[in-house]
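*Asks:* Provide a 3D model corresponding to the input given below.
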Amino acid sequence: MDLKSNHTSPVLTDPAPLGKSRLGVHSSLLTYSGSGTAFPALLTIPRRKNGFLDDVRSSSWLDAMKSSSPPHRKITKDVNNDSPATEYDIAYRTWMVKYPSALTSFEQITNYAKGKRIALFLDYDGTLSPIVDNPDCAFMSDAMRRAVRRVAKHFPTAIISGRSHDKVYEFVGLNELYYAGSHGMDIMGPVRQSVVGDHRHGFQSTDRQGKDVNLFQPAAEFLPMIGEVLKSLVETTKDIEGAKVENNKFCVSVHYRNVDEKYWAVVAQRVHDILKNYPRLRLTHGRKVLEVRPVINWDKGKAVTFLLESLGLSDCEDVLPIYIGDDRTDEDAFKVLREGNRGYGILVSAVPKESNAFYSLRDPSEVMEFLKSLVIWRKSSAL
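*Replies:* So this is what the prediction gives:
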């Protein structure tokens, strides 16, 4: 396999940090420079030597690809009893001191929520559905769908996903929600003319029930470019067994979950060789997925802010936003809520990791329990 690049170039980057000022949507669509200097080059392709990548196993970008799923668990003995425990379990308990369970802390959360209007934001993959080998099979359980439908009857609820708007709607199938696809670059929200009228990227449309909605697409100008890259990525990865390229409209996802680990470097190199010709696109890293996205100052945190404004809940002292997500792209939303104590971020994770969230849940089953608890609390508080 020919690894074409023989120079060091940025491959994976983190979005530019959000400023500490209020994140108003009307002044936030500032395109980064094409050189990429407006955000740090986090991971780089190493130089080639004799036609092969130098020491790829020690390079930071490959380490990041490996760390997107936890290593094998090593069984130890629990210090408190004779039942088997894992090093992860022990580390997780220690980690939960900093990120306590949203279930065991539920009374604390609802005490703070008394007299406030909760707005709920949910990621999809890994939050409402389990992570699966085939991304086309990340189906939501009927029980989870019932829980989401019931919670949406009591609180404004939106799903913010890296998948396309249409795809996540197909998985969820609920008209009671608002949807933001492509990491918030394709938002369907309630009609508020003051929001749409002030922004050239917003326009009115109708949903599947014929109801008027607002659509907001800050990266619309990138669609032709995304289409070109999608076609090239499909072509260049077709000979890599297990690789899957997913069209998420305003971003393209290259999944390597089912690729033999010895070919992960090839996947990254092939993607890099295409993107080096598109300085207005960047590559970010998710859970065993490389995601091609437009270089604009927009992320899930900005999507939360936009939806709060659309719902008429922005800058209100009696509003408590709650965001539940599992991926690094959700950290932008967690950070927005943490700044100024605007709301709570809840990280879904079975392994310890640093986060801007306040609380944690272990897996989608705990997410469902938390949603059910919210409904019970709302009904009882209304009595």
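
*Asks:* got a pLDDT number for His285?
*Replies:* You'll see His285 listed with a pLDDT of 84.

*Asks:* Can you report how many residues lie near it?
*Replies:* For His285, the count of nearby residues is 23 (other Cβ atoms under 10 Å). Where you see a C-beta, it was placed from the backbone N, CA and C, and this is true even at glycine.

*Asks:* Correct me if wrong: it contacts Val292.
*Replies:* No. Proximity of His285 to Val292 does not meet the contact threshold set by Cβ atoms under 8 Å, at 11.3 Å.

*Asks:* Find residues that contact each of those two.
*Replies:* Residues touching both His285 and Val292 (Cβ atoms under 8 Å, 6 or more residues apart in numbering): there are none.

*Asks:* all helices of the stretch 51-200 of the chain, in order?
*Replies:* Counting by DSSP state H, counting those that start in this stretch, one finds helices in the stretch 51-200 of the chain at the ranges 60-66, 87-95, 106-113, 142-154, 165-172, 193-197.

*Asks:* Could you chop the chain up by domain?
*Replies:* By the record's domain assignment, the chain is partitioned as 114-191+203-217+299-381, 223-294 (the TED database).

*Asks:* now those in CSV, with distance to Thr86?
*Replies:* Written out in CSV, the entries for the domains of the chain read as follows (distance: least, Cβ to Cβ, whole Å):
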stretch, distance to Thr86
domain 114-191+203-217+299-381, 11
domain 223-294, 20
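
*Asks:* of the ones you listed, which approaches Glu87 most closely?
*Replies:* Across the domains of the chain, Glu87 has its closest neighbour in domain 114-191+203-217+299-381 (10.6 Å, Cβ to Cβ).

*Asks:* I'd like to know which of the domains of the chain lies nearest to Phe106.
*Replies:* Comparing the domains of the chain against Phe106 with Cβ to Cβ, the closest turns out to be domain 114-191+203-217+299-381 (5.6 Å).

*Asks:* and of the helices of the stretch 51-200 of the chain, who's closest to Arg338?
*Replies:* Nearest of the helices of the stretch 51-200 of the chain to Arg338, taken as Cβ to Cβ: helix 106-113 at 14.3 Å.

*Asks:* Which elements pack onto that closest one?
*Replies:* Taking 3 or more Cβ pairs under 8 Å, 6 or more residues apart in numbering; DSSP states H and E as contact, the helices and strands that helix 106-113 lies on are strand 319-325, helix 364-381.
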